[in-house]
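In: I'll drop the sequence and a predicted model, then ask my questions.
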Amino acid sequence: MSNEKKTCKYAEKLNEKLDKCEHYQKFAKYRDHILSLGNDSLEKTIAIALSLCFVCAILVSVAAVALRPLQIENKAMDMKKNILDVAGLLQDGTDIHEAFASKIEAKLVDMATGDYIDGDVLAYDQRKAAKDPEQNISLTTAQDIAGIKRRAKIAKVYLVKEGESLKSIILPVHGYGLWSTMYGFLALDADGQTVQSINFYDQGETPGLGAEVVNPNWRALWKGKKVYDESGNVSLALIKGLVDNSKPGSEFQVDGLAGATLTSVGVTNLVKYWMSQEGFAAYLEKVRIKG
Ligand SMILES: Cc1cc2nc3c(=O)[nH]c(=O)nc-3n(C[C@H](O)[C@H](O)[C@H](O)COP(=O)(O)O)c2cc1C
């Protein structure tokens, strides 16, 4: 049977079913009544407007459901891109999935002990976990220097290795700026002390002011800076103005963002928090390769 004949047969069957359906008969009667009204009738205007809303709502809902897997895929791809970027492994034309799979290893870390733990590292979402009372800890005011209120008990970190040798440790960090919580990654050398790069992939600071945290020129200033001083305290901080690289201690300083002191203080605080004992210090102590 040709496709055309098949379609006709289905249409006939559908018509037969609709003819027998009481609700459809009522709908058809009302539809004919509405169509017979004049165009300036209030009832017709309202009925047509409501029908349009109904059809649009269905279209938007179908689009939202149908595009959901694509959105999830794009989000995952974007995250991989950010991680490759902070690891210095992103160039024009890089195959994101391939580069991530071959060069980056994700691991789960118990923040209390600094030990790696087993678990579904692919499925684990640290940002979601930070909101779940079962999976987070609340911070006291004294602990909460980064203004985050609570954090996940388990962190997802990323390692870059060349053969067996560790090249970079990539840590997820976040903290409050002036308007928003800024989420990013801090990449350290294998010594757990020297900064390779920082990037913020989600923040809502003012473009041109606080949002300069994403400016590549400012980000480049972080390369080679040191986190811990000789006593093991987190000394890395943004300063007001420009760093004089000839002065002792400049290895712990990064230029503050012009006209955005409050965002700069937020960045300093989030680095202080995540590099401290409350954050990744215990983990870094275990993983770092001493120079
Ligand atoms: C519309 C508007 C947006 C601002 N956005 C930011 C911002 O994103 N981050 C920030 O630190 N300061 C921002 N500021 C400036 C702060 O209010 C504050 O003046 C500034 O942080 C002080 O920095 P300064 O001492 O470097 O001038 C904004 C100010 C205005 C009027």
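Out: Perfect, thanks for sending it. Numbering: from 1, shown residues only.
In: For V160, give the beta-bridge partners.
Out: I104, S168 (DSSP bridges).
In: need the residues of this protein near the ligand, please.
Out: Within the chain, the positions near the ligand by CB under 6 Å from any ligand atom are 178-179, 205-206, 209-210, 259-263. No exception for glycine: its C-beta is placed from N, CA and C like everyone else's.
In: which residue ranges form the strands in the chain?
Out: Here the chain has its strands, by DSSP state E, at 104-110, 116-117, 136-138, 150-152, 154-162, 165-176, 181-189, 195-202, 237-239, 253-255.
In: residues of the fifth one that come out buried?
Out: To tie it back to what came earlier, the one meant is strand 154-162. By neighbour count on 16 or more other CB atoms under 10 Å, the buried set for strand 154-162 is 154-160.
In: okay, those in TSV with pLDDT next?
Out: Listed next are these as TSV, based on pLDDT from 0 to 100:
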residue	pLDDT
I154	98
A155	98
K156	98
V157	98
Y158	97
L159	97
V160	96
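In: between the residues you listed, which is nearest I48?
Out: Proximity to I48 was ranked across these by CB to CB; first place goes to K156, at 51.9 Å.
In: Out of the residues of the chain next to the ligand, which sit inside helices?
Out: Judged by DSSP state H, helices contain the following of the residues of the chain next to the ligand: 261-263.
In: need these in JSON lines with pLDDT and neighbour count, can you?
Out: Formatted as JSON lines, these follow (pLDDT from 0 to 100; neighbours: other CB atoms under 10 Å):
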{"residue": "T261", "pLDDT": "97", "neighbour count": "15"}
{"residue": "L262", "pLDDT": "98", "neighbour count": "14"}
{"residue": "T263", "pLDDT": "98", "neighbour count": "26"}
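In: What is the nearest of those to A187?
Out: Nearest to A187, judged by CB to CB, of those is T263 at 20.5 Å.
In: Alright, that wraps it up for me.
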